[in-house]
Structure formats: structure tokens, C-alpha cells
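J.: Got a sequence here, can you model it:
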Amino acid sequence: MNKPKKSIRRKSSGVTIDEVAALAGVSPMTVSRVINGQGKVRDATRERVMRAVRELDYTPNLAASSLAAAQHTRVALIYTNPSGAYLRELLVGLLRVASRTAIQLVVDYWDDLDAESERKAARALGARVDGVILPPPLCESHAAVTELVKAGVPVVAIASGRFSDEISCVRIDDFRAGKEMAEHLIRQGHTRIGFIRGRSDLSASSRRYDGFVTALHEAGLEVEPGLVQQGDYTYRSGLVATEKLLAHRKPPTAIFASNDDMGAAAISVAHRRGLDVPRDLSVVGFDDTSAATTVWPELTTVHQPIASMANAAMDILLRGIRRKTDSTRVLVDHVVPHRLVARDSVATPPKRR
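T.: Reported below is the predicted structural model:
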């Protein structure tokens with residue numbers, strides 16, 4: 001099968017695919033294969049390329065060739081995300097693409113549907129759109145994905161924690177990001193770190209927790225069950241989980257929340273208890289949404305480039321729509337770079353000071 005040519009425009013920062021290739025010591029074609037999840041690439045080579053991508057903060061922009069495919073195309077965004085801040089970032093990214101093209105963006109809200117209802121909704125939607133973007137938590141809905149794939153509708157998942165063998169995916173390395181954030185707290189001297197988990201039905205939640213656990217084990221620290229509480233990415237769940245963590249007989253000196261909404265809730269509970277953040281308690285979040293900068297102090301967090309991920313998802317989706325006449329589906333696993341954003345919510349623990 002002839003692979004479509006890839007046209008990549010320069011980022012505003014001026015980083016090109018050739019610069020990534022030069023830093024990684026590979027060809028631009030190899031970089032393209034790695035970031036698009038196409039072809040066989042050795043693990044060591046893939047790691048070198050992704051290290052260069054992260055170092056240069058490189059993200060491919062929507063290909064000009066894909067813009068032509070956008071004419072008269074209906075793309076659906078299906079959401080049921082409890083985080084309003086996350087959804088806003090996602091919509092901004094998709095609306096920017098839609099405003100530059102003739103794409104008709106259809107927004108569909110599935111409010112707490114069971115599996116059978118999701119199947120019916122997916123069947124109905126598949127008959128009237130050309131492609132679908134699934135953000136969390138629907139990015140891992142087996143019922144929805146199965147029906148859409150059966151209908152022959154190209155689908156791209158955003159922020160799934162793992163690559164699917166049924167649909168394309170745009171994501172970050174949640175395991176690495178969770179590990180890096182935990183290592184950041186450990187370097188500050190924290191040895192009792194509370195963790196608020198995200199939704200239990202999402203692989204990204206598990207990957208962030210696994211990274212946290214790995215960092216603790218590598219530092220010779222134990223994961224105390226009482227210092228791990230379940231959340232569901234909502235602000236309210238963050239309040240409940242933080243109250244439990246701070247009521248522990250030996251409370252943590254830092255709390256790692258799996259998203260910014262729960263991180264903001266942790267800061268709120270700390271203030272209500274008369275604790276100073278970060279002097280008495282350090283708090284970190286994840287995603288770098290507006291929730292991270294509308295609290296005081298502003299949250300240290302992991303920057304997940306949600307708007308850029310939406311842009312990349314639309315690019316991949318348009319290519320899939322253009323390939324619908326081909327006999328072979330091409331699935332893409334596009335891993336974008338993340339970065340740790342240090343703000344004022346972290347300090348050394350009280351004893352060390």
C-alpha cells in the first residue's frame with residue numbers, strides 16, 4: 001500500500017522534524033514513523049527519538065494535505081468528562097482546527113449511558129458523521145468503539161493510557177509523567193506522599209499510579225495503602241480523598257492528585273484545616289488546565305498539551321477518512337511530549353526545614 005505523504009508545517013517555536021532527526025541521530029523518515037506509530041522501529045531508536053521530541057518540545061501541526069480532506073467533513077466529539085477545565089482545553093483545540101477548515105464539528109453529550117445505550121448511540125452517530133474523536137473516559141468504551149469500528153467510521157482516542165488495536169490514539173506517556181512528578185517530590189525531601197487516583201476504568205489513571213509507585217520503590221520508599229485514596233477526576237472526589245489523607249494518624253507531607261481539579265480540591269481542604277500550602281503541605285496535580293492557575297498557590301503539575309493533542313487527533317482522523325476506500329486500516333499511536341511545570345505549591349517538608 002502506498003503511504004500518503006506527510007506535510008508538516010513549522011511550529012511557532014521554529015522546531016522542525018529535521019531538527020528532531022538531527023538530535024536523535026536518525027533520518028526524518030524514522031522520526032515520522034515513530035511519532036505516527038507506523039512501521040517497525042527498534043525500541044532503542046524509538047526512545048532516542050522521543051527523548052529528542054521531549055527535549056525540543058516538538059509537536060507536528062495539522063498537515064496541509066489533510067486540510068484538503070476536511071472539505072464538507074462532519075466530525076463528532078463525544079464527551080462525558082467530569083472536568084470542565086479539561087473539556088474547555090479540548091474544545092479550544094478542535095475549534096481552532098474547525099475554524100481553519102470546512103470541518104463541521106458535531107458535539108454529542110452522552111450523560112452516564114450504560115453499555116447498551118452507548119452501543120445504540122454509537123450506531124446512530126456512525127450513520128451521520130465521517131469520523132469520531134473520543135476523549136476520556138469514552139476513549140476506552142468498548143461498546144462505543146466496537147460499534148463505530150463495525151460501521152467503518154474512523155475513530156481517534158485522546159488521552160488513553162495505552163494504544164488500542166482497534167482505533168488510533170493521541171496520548172502522552174502517563175507512566176513516565178507520573179514517575180517524574182513523584183521523583184520531583186522525592187527530590188524535595190518528601191517520603192510520605194499521598195496519592196489521589198483517577199477513574200478506575202481508565203488505563204491512564206493506572207499508568208500514572210504505576211509511575212508513582214515505581215518512583216517510590218526506586219527511592220527505597222514503601223507505598224502505604226492508607227496514603228492512596230480513590231478519586232474520579234472531579235473536584236468533589238478530590239475533597240473527599242484529601243479529607244481521608246489528612247485524617248490519617250500520620251498524614252502525608254505531600255499530595256499527588258491525578259488531575260488538576262482534584263489538586264485544587266486538595267489545596268482547598270488544606271486551607272480549611274488551617275494548613276499553609278506549601279509550607280505545611282505540598283500539592284501537585286496533572287494536566288495543566290486552567291484549574292492549576294486559578295487556585296492559590298498555583299499548582300505544580302504535568303503539562304499535557306490538550307489543545308495540541310486535539311489538533312493532532314484531527315490530523316490523524318482526516319487521514320483515516322481519506323483512506324476509507326483503502327482495504328487496509330492504518331492505526332496510529334501518536335505519543336506527544338509532556339513536561340513538568342513547577343509552580344509555588346511545592347516546598348521541602350516541615351521537618352527538613
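J.: alpha carbons only for contacts and neighbour counts from here, please
T.: Noted.
J.: packing partners for the helix or strand where Leu317 lies?
T.: Assigned by DSSP states H and E, Leu317 belongs to helix 306-322. Using 3 or more C-alpha pairs under 8 Å, 6 or more residues apart in numbering; DSSP states H and E, the elements in contact with helix 306-322 are helix 64-69, helix 84-100, strand 131-134, strand 155-158, strand 168-171.
J.: hmm, try it at 6 Å
T.: Contacts defined by 3 or more C-alpha pairs under 6 Å, 6 or more residues apart in numbering; DSSP states H and E place helix 306-322 against helix 84-100.
J.: circling back: tell me the first helix or strand C-terminal of the helix holding Leu317.
T.: Sequence-wise, the next helix or strand downstream of helix 306-322 (DSSP H and E) is strand 333-335.
J.: thinking again about what came up before, model confidence over the helix holding Leu317, on average?
T.: Helix 306-322 comes out with an average pLDDT of 84.
J.: Stretch 73-84 too?
T.: Mean pLDDT, stretch 73-84: 80.
J.: mind checking the end-to-end distance for it?
T.: Terminal residues of stretch 73-84 are spaced 27 Å apart (C-alpha to C-alpha, to the nearest Å).
J.: where does it sit relative to the chain's centre, distance-wise?
T.: Chain-centre distance of stretch 73-84: 15 Å, with C-alpha atoms, centre = their mean, to the nearest Å.
J.: ok, residues contacting the helix or strand containing His184?
T.: In the assignment (DSSP H and E), His184 maps to helix 174-187. For helix 174-187, contacts defined as C-alpha atoms under 6 Å, 6 or more residues apart in numbering pick out 207-208, 211-212, 215.
J.: out of those residues, which one sits closest to His190?
T.: The nearest member of these to His190, counting by C-alpha to C-alpha, is Ala215 at 12.1 Å.
J.: Mind giving me the packing neighbours of the helix or strand where that closest one lies?
T.: Per DSSP H and E, Ala215 falls inside helix 203-218. Applying 3+ C-alpha pairs under 6 Å, 6+ apart, we find helix 203-218 packed against helix 174-187.
J.: let's go with 10 Å and repeat that
T.: With contacts taken as 3 or more C-alpha pairs under 10 Å, 6 or more residues apart in numbering; DSSP states H and E, helix 203-218 sits against helix 174-187, strand 193-197, strand 254-257.
J.: which stretches of the protein aren't confidently modelled?
T.: Where the chain drops to pLDDT under 70, the residues are 1-14, 35-40, 59-72, 81-82, 100-101, 162-163, 323-329, 352-353.
J.: Would you mind measuring from the most centrally placed residue in it to Thr301?
T.: Against the mean C-alpha coordinate of the chain, by C-alpha atoms, centre = their mean, the closest residue is Ala159 at 3.8 Å. Look at Ala159 and Thr301: by C-alpha to C-alpha, they are 16 Å apart.
J.: ok, now His334?
T.: From His334 to Thr301 the distance is 22 Å (C-alpha to C-alpha).
J.: between the two, who's got more neighbours?
T.: Thr301 (28 against 23; other C-alpha atoms under 10 Å).
J.: Asp114 contacts Ala143, correct?
T.: Yes: between Asp114 and Ala143 there is a contact under C-alpha atoms under 10 Å: 9.2 Å.
J.: Between the two, which has more neighbouring residues?
T.: Taking other C-alpha under 10 Å, Asp114 and Ala143 do not tie; Ala143 has more neighbours (18 against 10).
J.: Spell out the secondary structure type for that one.
T.: Following DSSP: H, G, I helix; E, B strand; the rest coil, the label given to Ala143 is helix.
J.: Can you classify Val283 by secondary structure?
T.: Classification of Val283 using three-state DSSP returns strand.
J.: With Val75 instead?
T.: Following three-state DSSP, the label given to Val75 is strand.
J.: got a list of what it touches?
T.: With contacts defined as C-alpha atoms under 10 Å, 6 or more residues apart in numbering, Val75 is in contact with 94, 98, 103-107, 128-133, 154-155, 314, 317-318, 321.
J.: For PyMOL, write the select line for the buried members of the residues you listed.
T.: In PyMOL, a selection of the buried entries from the contacts of Val75 looks like this (16 or more other C-alpha atoms under 10 Å):
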select buried, resi 94+98+103+104+105+129+130+131+132+133+154+155+314+317+318+321
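J.: can I assume Thr73 is in contact with Ala102?
T.: Yes: proximity of Thr73 to Ala102 meets the contact threshold set by C-alpha under 10 Å, at 7.0 Å.
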